[in-house]
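>>> for reference, the sequence and a predicted model appear below.
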Amino acid sequence: MTVQRFSHARLVLPDRILDSGCIEIENGRITRIEAANDSAEATVDLQGGYLVPGFIDLHVHGGDGADFMDGTEEAFRTVCRAHARHGTTALLATTTVARHEQHLAFLRVCRSLKGQELDGAIIVGAHFYGPYFGREARGCHPAESVREPIPAEYNDYLAFADSLVTATVAPELPGAEAFVRACVARGIRCNAGHSHATFEQVEQAIGWGVRHVDHLFCAMSDRARLRQQQTYPMRGGLLEATLYFDELTTEVIADGKHLAPELLRLAYKIKGADRLALVTDANRALDMPDGEYLFGPREGGELILRRDGVGLMPDGRSLASGVEGLDTAVRTMLAASGASLVEVVRMVSLTPARIAGLQRDRGSIEPGKRADLVHLDEQLRVRQVWIGGRKVV
Ligand SMILES: [Zn+2]
Ligand SMILES: [Zn+2]
């Protein structure tokens, strides 16, 4: 197997930037990082810019016209190719609220493609996201399929435990504790999300094993606070608990549309770069023209609009997931949060890798890890992408 040497770009390492460095790749893995450039031996001369670890998306539904819930291999491949163009080299295929058979169709395809070379981002597994949401906190997901976790149903999903990396549940639902415990027993990580749980309910859920919270600030707490206005004292909900508990990691949709800069600053200040991941929450309208799209499966999905660089409900006001890639998230977070480039890159690489349990092989430019690499120009736009040392963009 040939040895490749990449040089003449600033290397973004987990804790610093190496201005003039060189990395060596063999059999798809990083074997060496050297401080000095040796142009004579460079097989890939990057001619400036930054070399950063491949981005990892914990929460992504679609792109380039396809949604994972379409439930076909072709749809999965299309989404993975689209996100690779934005620097994503590994992702969790994320479900939406849908019917039982649609989840099973999704899980079958996910299992068959997991870990495979796809000419795009590698599917490291599924983020089982919905249908176990709080009805009032469902956002753009269809109301008729939102439901409570019942073993007779979710045991069919847990039969795919080998392909499930994370699962989301609203902790206030009846059956949530048993669902979380069943997931944790099978090595599946649990998130709280689309929930109006109280602070106390979230604290209990941490006891069951919940460790991550989906899209901070979005689809959480508002209803709970309203309901409690009738009495006093004012109570905390999922949002406050996420900020408070160090046991909980979380994520922000850093597309510049979901959250104003002060919320990105707040999330970074409280959670820090090691507990905060950037996600796209992208729907099928990524890299597509403005217009009408279906969020989720082609059959039974919710009608949404792509407009103004984001997904919107037909009312044109409420948000309905993202249409930008993780490259946009990096630029948005850097401009908004006050975090350094090293920290922002960590929020799209090592931090999500740790949250998903992938850090042994992924998430940083370090000897022994996979050569999943992104070459960015000075403006942090994606120039080239390698997955396992193989150039895909
Ligand atoms: Zn959501
Ligand atoms: Zn989502």
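Okay, I see it. Ligands and ions are numbered 1, 2, ... in the order given.
>>> do a quick rundown of the strands in the stretch 101-250 of the chain.
Remark: strands assigned in the stretch 101-250 of the chain by DSSP state E, counting those that start in this stretch are 122-128, 164-169, 189-192, 210-213, 249-253.
>>> output the contacting helices and strands for the last one.
By that I understand strand 249-253. strand 55-60, strand 210-213, helix 261-271, strand 276-279, helix 350-355 (3 or more Cβ pairs under 8 Å, 6 or more residues apart in numbering; DSSP states H and E). Heads up, the C-betas are built off the backbone N, CA and C, glycines and all.
>>> as TSV, the strands of the stretch 101-250 of the chain with distance to residue 3, mean neighbour count and mean pLDDT would be great.
Converted to TSV, the strands of the stretch 101-250 of the chain look like this (distance: least, Cβ to Cβ, whole Å; neighbours: other Cβ atoms under 10 Å; pLDDT from 0 to 100):
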stretch	distance to residue 3	mean neighbour count	mean pLDDT
strand 122-128	23	26	98
strand 164-169	32	26	98
strand 189-192	36	26	98
strand 210-213	38	24	98
strand 249-253	36	27	98
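>>> buried residues, stretch 131-148. List them.
Neighbour counts using 16 or more other Cβ atoms under 10 Å place 131-134, 136-142, 145-148 of stretch 131-148 among the buried residues.
>>> closest to residue 180 out of those residues?
Using Cβ to Cβ, residue 132 comes nearest to residue 180 of the buried residues of stretch 131-148, at 10.0 Å.
>>> quick one: the closest one and residue 175, what's the gap?
8 Å (Cβ to Cβ, to the nearest Å).
>>> just residue 247 next, same as before
According to Cβ to Cβ, residue 247 and residue 175 sit 22 Å apart.
>>> so for the two, which residue has more residues nearby?
Just comparing residue 247 and residue 175: by other Cβ atoms under 10 Å the higher neighbour count belongs to residue 175, 17 against 14.
>>> any figure for the gap between the more buried one and residue 301?
From residue 175 to residue 301 the distance is 25 Å (Cβ to Cβ).
>>> wait, residue 257 touches residue 308, no?
Yes - between residue 257 and residue 308 there is a contact under Cβ atoms under 8 Å: 6.9 Å.
>>> burial measure for the residue nearest to residue 246 when sequence neighbours are not counted, as a count.
Leaving aside its sequence neighbours, residue 246 sits nearest to residue 275 (Cβ to Cβ, 6 or more residues apart in numbering; 7.3 Å). Neighbours of residue 275 under the rule other Cβ under 10 Å: 22.
>>> ok, residue 275 - contacts?
Contact partners of residue 275, counting by Cβ atoms under 8 Å, 6 or more residues apart in numbering, are 246, 248, 249, 250, 351.
>>> equivalent analysis for residue 284, please.
So residue 284 contacts 61, 62, 63, 64, 65, 66, 67, 79, 293, 294, 295 (Cβ under 8 Å, 6+ apart).
>>> ok, and the closest non-adjacent residue to it?
Nearest non-adjacent residue to residue 284 (Cβ to Cβ, 6+ apart): residue 62, at 3.6 Å.
>>> same question for residue 104.
residue 156 (6.4 Å).
>>> sorry, back to before: mutual contacts of residue 132 and residue 175, please.
Common contacts of residue 132 and residue 175 (Cβ under 8 Å, 6+ apart): 148, 149.
>>> wait, residue 157 sits on residue 106?
No - with contact defined as Cβ under 8 Å, residue 157 and residue 106 do not form a contacting pair (9.7 Å).
>>> which of those two has more residues huddled nearby?
Neighbour count, other Cβ under 10 Å: between residue 157 and residue 106, residue 106 has more, with 29 against 24.
>>> any idea of the pLDDT on the more buried one?
pLDDT, residue 106: 98.
>>> cool, residue 264 as well?
Looking at residue 264, the pLDDT reads 98.
>>> contacts only, for it.
Contacts of residue 264 by Cβ under 8 Å, 6+ apart are 252, 254, 332, 333, 336, 337.
>>> now, which of those residues sits nearest residue 194?
Of these, the one sitting nearest to residue 194 (Cβ to Cβ) turns out to be residue 252, at 15.5 Å.
>>> the closest one and residue 111, how far apart?
30 Å.
>>> equivalent analysis for residue 68, please.
Applying Cβ to Cβ, the value for residue 68 to residue 111 is 13 Å.
>>> so for these two, which sits in the more crowded spot?
Each of residue 68 and residue 111 has its neighbours counted (other Cβ under 10 Å); residue 68 has more, 31 against 16.
>>> list the contacts for residue 111?
Neighbour list for residue 111: 160, 162, 163 [criterion: Cβ under 8 Å, 6+ apart].
>>> pull the number of nearby residues for the second one.
It stands for residue 162. Residue 162: 11 neighbours (other Cβ under 10 Å).
>>> relative to strand 164-169, how tilted is the top helix by length along the chain?
Criterion DSSP state H: the longest helix present in the chain is helix 100-113. Computed by axes from the mean of the first three to the mean of the last three Cα atoms, to 10 degrees, the angle separating helix 100-113 from strand 164-169 equals 150 degrees.
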